[in-house]
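Visitor: Okay, predicted coordinates and the sequence, questions at the end:
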Amino acid sequence: MPELPEVEVVRRGLSASATGSLITSLLPTGARTFRRHDPALLDRRLRGRRIDAVDRHGKYLLLRIERDQTLVVHLGMSGQLLVAPAAGERPRHTHLVVGLGDREMRFVDPRTFGEVFVTAGHGRPAELAHLGFDPLVDRMTPVRFAELLSGRRMQLKPLLLGQRLVAGIGNIYADEILWAAGLRPDRLASDLSADEVETLLREMRALLRTSVRLGGSTLSDGQYVDVAGAAGRYQERHRAYGREGAACARCASPIIRIRWGGRSTFLCPECQR
DNA sequence: CAGATGCCCTGGGCGC
DNA sequence: TGCGCCCAGGGCATCT
């Protein structure tokens, strides 16, 4: 489940290995991967051009291509971007191959929740206009964050997951951030004190940064890996997600799991308030 | 407009 | 060993 830290680790890997590379071919094969436009557009807009830079907003990767094009990639639930020698065998569920001379970038996505599209310009794509701020890229002050929260009579977890307020947080990091901030997932955003708002913002940034530093979270399904195929280590630092029945690292009470909005939520019922 | 629900999809784990 | 079932959940459409 690639969320912001995992996508950032992929971004760094791509930035290091693909920046400056010439796109020599494009082979889009996955029908569901290309749902915004005709996949033939990729070849017309990108072939023969270089990759200038790799940016990210929330869970979206933004590959900046010469002559004002952006290749947007969302990994969805099971997507991987792998850079490998072009000679090697491609994994099952490879839906796009971007030729980079004697290497290639492969978009692999068994569950096809991911998406790829091309858009004009090097700013924030219009398709991503609905996204909120990125906690590691955009400037955000506690005062401004408090303003954004004060108008929302929404519970914290669905608000963090919604992408409209803040972009990049999914189910794992929502639970981890709320545990770190000591806040219950069903607290209303508009009811937080100034101190709680500040704690939430601080813990969100610190935790996401630490996860990036440790290479993100690779769960037991081994689904998430970086561009070279290596797993992350942040799952060893999880304090709530996936820890039903384990002792809370802060108060030693058992972590509980509840079904909420059709998905799992892990929390400490004692010290998250 | 917030909030709930269902759908898309495959692989892995589990019970029998 | 095999089969059916359930679960993982991001984003979006649809409805109230």
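Guide: On my side now, so go ahead. Just so it is clear, the model here is predicted, and its values are computed rather than measured.
Visitor: now the helices: where do they sit in chain A?
Guide: Applying DSSP state H to chain A gives helices spanning A:4-18, A:40-46, A:142-150, A:156-161, A:171-181, A:194-213.
Visitor: so which of those gets nearest residue A:104?
Guide: helix A:4-18 (10.2 Å; Cβ to Cβ). Where you see a C-beta, it was placed from the backbone N, CA and C, and this is true even at glycine.
Visitor: Just the closest residue of chain A to DNA strand B, please.
Guide: Nearest to DNA strand B in chain A, going by Cβ to the nearest atom of the strand, is residue A:154, at a distance of 3.3 Å.
Visitor: residue contacts, the residue nearest to that residue when sequence neighbours are not counted?
Guide: If the residues on either side of it in the chain are set aside, residue A:154 comes closest to residue A:189, at 5.4 Å by Cβ to Cβ, 6 or more residues apart in numbering. When contacts are counted by Cβ atoms under 8 Å, 6 or more residues apart in numbering, residue A:189 is found next to A:149-150, A:152-156, A:159.
Visitor: ok, what's across the strand from residue A:98?
Guide: Beta bridges link residue A:98 to residue A:26, residue A:105 when assigned by DSSP bridges.
Visitor: Correct me if wrong: it contacts residue A:104.
Guide: Yes: look at residue A:98 against residue A:104 with Cβ atoms under 8 Å: they come within range, at 6.3 Å.
Visitor: The stretch 1-150 of chain A: strands as residue ranges?
Guide: Per DSSP state E, counting those that start in this stretch, the stretch 1-150 of chain A carries strands over the ranges A:25-28, A:51-57, A:60-65, A:69-74, A:80-85, A:94-100, A:103-108, A:115-120.
Visitor: Please see if the fifth one touches DNA strand C.
Guide: Just to be clear, that refers to strand A:80-85. No: using Cβ under 7 Å from any atom of the strand, strand A:80-85 stays clear of DNA strand C, with a minimum separation of 14.4 Å.
Visitor: List the neighbours of that strand that are in contact with it.
Guide: Residues from elsewhere that reach strand A:80-85 (Cβ under 8 Å, 6+ apart): A:10, A:13-14, A:17-18, A:61, A:73, A:75, A:91, A:100, A:102-109, A:223-225, A:227-229.
Visitor: make it 7 Å
Guide: With Cβ atoms under 7 Å, 6 or more residues apart in numbering as the test, strand A:80-85 has contacts from A:10, A:14, A:17-18, A:73, A:102-108, A:225, A:227, A:229.
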